[in-house]
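> sequence first, predicted coordinates after that:
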Amino acid sequence: MPAARRIRVWDLPTRIAHWSIVSLFGVCWWTAKSDHMQWHRLAGYGMLAAVWFRLAWGFWGGETARFGHFVRGPGTTLQYVRKLFARGDEAAPAPIGHNPLGALSILAMVGLLLTQTTFGLFAVNVDGFASGPLSRWVSYSAGRRFAHWHGANFNLLLVVVAIHLTAIGFYRWIRKERLIPAMIHGHKTVSAPIQEPYFVPWWRAIALATGIGICVALIANIGSLA
Amino acid sequence: MRFIPILRNSDRIRVFLVSATMILGALGSAHAASLPQIVHARQEHFRMLGRTAKSLRDQFGRRRLNWAAIGSDAQALDRLASELPSWFPPGSGQGHGVKTRARAVIWTNPQAFAQAAHMLLFRAQGLTRAAAHHDRRALMLNARALGHACGSCHSRFRAHSGWW
Ligand code: HEM
Ligand code: HEM
C-alpha cells in the first residue's frame, strides 16, 4: 500500500461558492421570516450569483467540481449504494470528489436553489412594495402565486438540506470519513493509488464571477433601465 | 290593554322577551349566514389594496414619472385605507368557524388595531399629497413607510402561515 499523501480535492472557487451558499441560505431565511425584505432581496441576489457561479463552475471549473465528473448513471449509483454499509474490502471506496449518491443531492440542491431564486425574482410581497425586480412584468395575482411557490419550494429546500446534513453526519460517524474539513481547506489525505484531479487557472473563476456579477446587477436594476 | 285583554302585565313582559329573543336569534342566524361573505369581501378588498400598491410601485423606476397615474393610485389607496376599519365587524375573526387569518387580538385590543389602520391612512394621505405636488422624494418616503405599515399590521394582527 502506498504511503498516505495529502492531495487537493476542492479548488478555492468551489469552497467559496459552498460557504457563500450556506451563509446566504441562513440570511435569506432569517430576513424573510423577520420581514426585512430589503435585505432579503440583497441576500437573494447574492444567492442568485452564487448558484449561477456554481452551475457555470460545474462545466468550466476544476475536475471535482464538474457535473460531468461526478454525476453517474443509475447503475453505478446503485452499485455504490449497495456497498455503502459494507465494511472492509467490500466497502465502497471513498472517491476523492463527490460520491454518486452525493451527486444526486447536489443536483437537487442546486436545482431547487435555482428555482427558488427564479421564483423570487417574480414574487410579489403581500404589501405589493417589496417585490422581485421582474415582478413588474407579471400581474399582482401571478406575482402572489410566484410568492406562494417561492414559499413551498423553500420547504422542499429545507428537506433536501436536512438530508444533506444527515448524510454528512452519516459519513462522519458511520463511515468515519470527515468531509467538512476538506470542504474548508480543500485537501484530503489518501492512501489509495489515485490520480490527482486537475484544476483550472484562477483567472477563469474571476472572469466567470465578473460576468455573472454584471448580469445579476443588471437584473436587480432592470426596473430603472427599462 | 284592550287588544290583548287576557294578558297580565307579567305575561306581557314574557311575550316581549320571547319575541325579542326570536328576533335577535333570526338576526343572529342571518349574521352567521353572511359571515363567509364578510370575510370574502374583506379579503377581496385587501387584494385590491395589494394590486393598487403594486400598480403604484411599478411606476417608480421610470425616469419620468406619470404623475396622473400615480395620483389616481394614491387616491385609491387613500380611500381603501379609510374604509379598512369597517371590514372588521365584531365576530368576523378566527374562532368563528370561517377561514380567515384575522386574529382575535383585533377585537380584544381595538386601540392598537385602530392605530395600525390609522398609520396606513396617514401614509396613503402622504402619498396623495406627494402626488399632487409632484414631489418625488416625499413619494418614495411615504411609499416605503406605507409598505412598512402593511407589514407591521400583518405581523401583529394577521395569523402567520408555515411551520417554520
Ligand atoms: C433573487 C432572489 C430572491 C428574491 C428577489 C426574493 C424575493 C422574495 C419576496 C418578494 C418574498 C415575499 C413573498 C411573500 O410575501 O409571500 C420572499 C419570501 C421568502 N423568501 Fe425569497 N427571494 C429571493 C431568494 C430567496 C432565497 C435564495 C431563499 C432561501 C434559500 C428565500 C427564502 C424565502 C422565504 C423563506 C420567504 C418567506 C415565504 C413565505 O413567508 O411564504 N428567498 N422572497
Ligand atoms: C452548516 C451546514 C453545512 C455543512 C457543514 C455543509 C457541508 C458540506 C460538505 C462537507 C460538502 C462536501 C460533500 C462531499 O464531500 O461530497 C458539501 C457539499 C455541498 N453542499 Fe453543503 N453543507 C452545509 C449546508 C449546505 C446548504 C444550506 C446548502 C444549500 C442550500 C448546501 C449545498 C451544498 C452543495 C450544492 C454541495 C456540493 C458542493 C460542490 O460541489 O460545490 N450545503 N456541503
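Here it is on my side, so go on. Ligands and ions are numbered 1, 2, ... in the order given.

> which intervals of the chain have sub-threshold pLDDT?
Reading this off chain A. For chain A, applying pLDDT under 70 flags the ranges A:1-2, A:89-90, A:92, A:128, A:226.

> wait, I meant chain B there
B:1-33, B:162-164.

> which parts of it sit against chain A?
Residues of chain B found near chain A (Cβ under 8 Å from any Cβ of the partner chain) are B:47, B:49-58, B:60-63, B:143-144, B:146-147, B:150-151, B:154-155, B:161-162, B:164. For the C-beta atoms, the positions are set from N, CA and C on the backbone; glycine is no exception.

> just the helices in chain B please.
Secondary structure of chain B (DSSP state H): helices located at B:9-57, B:67-83, B:105-108, B:110-132, B:136-157.

> out of those helices, nearest to ligand 1?
helix B:136-157 (8.9 Å; Cβ to the nearest ligand atom).

> that closest one close to ligand 1?
No. In terms of Cβ under 6 Å from any ligand atom, no part of helix B:136-157 sits within range of ligand 1; the closest distance is 8.9 Å.

> give me the buried positions along that helix.
B:139, B:142-143, B:145-151, B:153-154, B:157 (16 or more other Cβ atoms under 10 Å in any protein chain shown).

> look up phi and psi at A:Lys188.
phi -130, psi 150 (degrees, to the nearest 10).

> moving C-terminal of the longest helix along chain A, what's the next helix or strand?
Ranked by residue count under DSSP H, the longest helix found in chain A is helix A:140-173. Per DSSP states H and E, the first helix or strand lying C-terminal to helix A:140-173 is helix A:180-185.

> that following helix - contacts with which helices or strands?
helix A:12-33 (3 or more Cβ pairs under 8 Å, 6 or more residues apart in numbering or on different chains; DSSP states H and E).

> can you give me how far the helix it packs on is from the chain middle?
9 Å (Cα atoms, centre = their mean, to the nearest Å).

> any part of that helix near ligand 1?
Yes. Legend: contact between helix A:12-33 and ligand 1 by Cβ under 6 Å from any ligand atom is shown at A:25, A:28-29, A:32.

> that helix - contacts with which helices or strands?
Using 3+ Cβ pairs under 8 Å, 6+ apart, helix A:12-33 sits against helix A:37-60, helix A:140-173, helix A:180-185, helix A:202-220.

> so the shortest one, near ligand 2 or not?
It refers to helix A:180-185. Yes. Helix A:180-185 is in contact with ligand 2 by Cβ under 6 Å from any ligand atom, via A:180, A:183.

> now that helix: buried residues?
Buried-residue list, helix A:180-185, by 16+ other Cβ under 10 Å: A:182-183.

> using PDB, write out every CA atom in that helix.
Extracted in PDB, the C-alpha atoms of helix A:180-185 (Å, rounded to 0.1, in the frame of the first residue of the first chain):
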ATOM      1  CA  ILE A 180     -16.300  19.000   6.300                       C
ATOM      2  CA  PRO A 181     -12.600  19.800   6.800                       C
ATOM      3  CA  ALA A 182     -12.000  19.000   3.100                       C
ATOM      4  CA  MET A 183     -14.700  21.500   2.100                       C
ATOM      5  CA  ILE A 184     -12.900  24.100   4.300                       C
ATOM      6  CA  HIS A 185      -9.200  23.700   3.400                       C
END
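
> residues near B:Ala53, how many?
B:Ala53 has 28 neighbouring residues, counting by other Cβ atoms under 10 Å in any protein chain shown.

> mind checking how far it is from B:Gln111?
In this view, B:Ala53 and B:Gln111 are 25 Å apart by Cβ to Cβ, to the nearest Å.

> relative to A:Ile163, how far out is the residue positioned nearest the centre of chain A?
Per Cα atoms, centre = their mean, the C-alpha nearest to the average position across chain A is that of A:Val110, at 4.7 Å. From A:Val110 across to A:Ile163, the span is 14 Å (Cβ to Cβ).
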